[in-house]
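Trainee: Need the 3D shape of this:
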Amino acid sequence: MTADIKNRTIGRRKRASARVRLERGTGKITVNGMEFAQYFTYAELQDIVLQPLKLLGKEKAYDLSTKVAGGGKKGQATAICLGVARALVKEDETVKKTLKSVGLLTRDPRIKERKKFGLKKARRAPQWSKR
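Mentor: Okay, the predicted model is just below:
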């Protein structure tokens, strides 16, 4: 039971938050109770999620179960990627250097800028008219 709890991590990106559970297995991946390929239909998003596993050559060594909420599909995929990378480091500390050198352990801090009063959006001012 403790091995299961040890491999639970959280990944975030913009408004997306992913809870990742990593277990030794056969490579089965579920996202919000759905099949991985069914949830992320674009190959680009699937590659983002699998990036840490492919880098280490462990695509078929682990089963992933994730719950993701908020944001868009790309933000969710990137959040899962960070969660998977963190879980792999928890599993084996020796892979940290490899994942960090590629930038998979760094949370992307960019978020949406808030709207300011007097403006239409964060920076967009009302249209100016001379007369």
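Trainee: Which residue ranges of this structure form strands?
Mentor: Taking DSSP state E to define them, one finds strands in the chain at 8-13, 16-24, 29-31, 34-35, 62-69.
Trainee: what's the angle between the longest helix seen in the chain and strand 8-13?
Mentor: The residue-count maximum for a helix in the chain (DSSP state H) belongs to helix 73-91. Inter-element angle recorded for helix 73-91 and strand 8-13: 140 degrees (by axes from the mean of the first three to the mean of the last three Cα atoms, to 10 degrees).
Trainee: What is helix 73-91 packed up against?
Mentor: Using 3 or more Cβ pairs under 8 Å, 6 or more residues apart in numbering; DSSP states H and E as the contact criterion, the elements in contact with helix 73-91 are strand 8-13, strand 16-24, helix 43-56, strand 62-69, helix 96-102. All C-beta spots, glycine's among them, are computed from the backbone N, C-alpha and C.
Trainee: if we go to 10 Å?
Mentor: With contacts defined as 3 or more Cβ pairs under 10 Å, 6 or more residues apart in numbering; DSSP states H and E, helix 73-91 has these neighbours: helix 2-6, strand 8-13, strand 16-24, strand 29-31, helix 36-39, helix 43-56, strand 62-69, helix 96-102.
Trainee: Kindly export it (C-alpha atoms) in CSV.
Mentor: Presented in CSV, the C-alpha positions along helix 73-91 are these (Å, rounded to 0.1, in the frame of the first residue of the first chain):
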residue,chain,number,x,y,z
LYS,A,73,-6.3,20.0,-23.7
LYS,A,74,-2.7,21.1,-24.3
GLY,A,75,-2.4,22.6,-20.8
GLN,A,76,-3.8,19.3,-19.4
ALA,A,77,-1.3,17.2,-21.4
THR,A,78,1.6,19.4,-20.2
ALA,A,79,0.4,19.1,-16.6
ILE,A,80,0.2,15.3,-16.9
CYS,A,81,3.8,15.3,-18.4
LEU,A,82,5.1,17.2,-15.3
GLY,A,83,3.2,14.8,-13.0
VAL,A,84,4.6,11.8,-14.7
ALA,A,85,8.2,13.2,-14.6
ARG,A,86,7.8,13.9,-10.8
ALA,A,87,6.4,10.4,-10.2
LEU,A,88,9.4,8.8,-12.1
VAL,A,89,11.8,10.8,-9.9
LYS,A,90,10.0,9.5,-6.8
GLU,A,91,10.3,6.0,-8.1
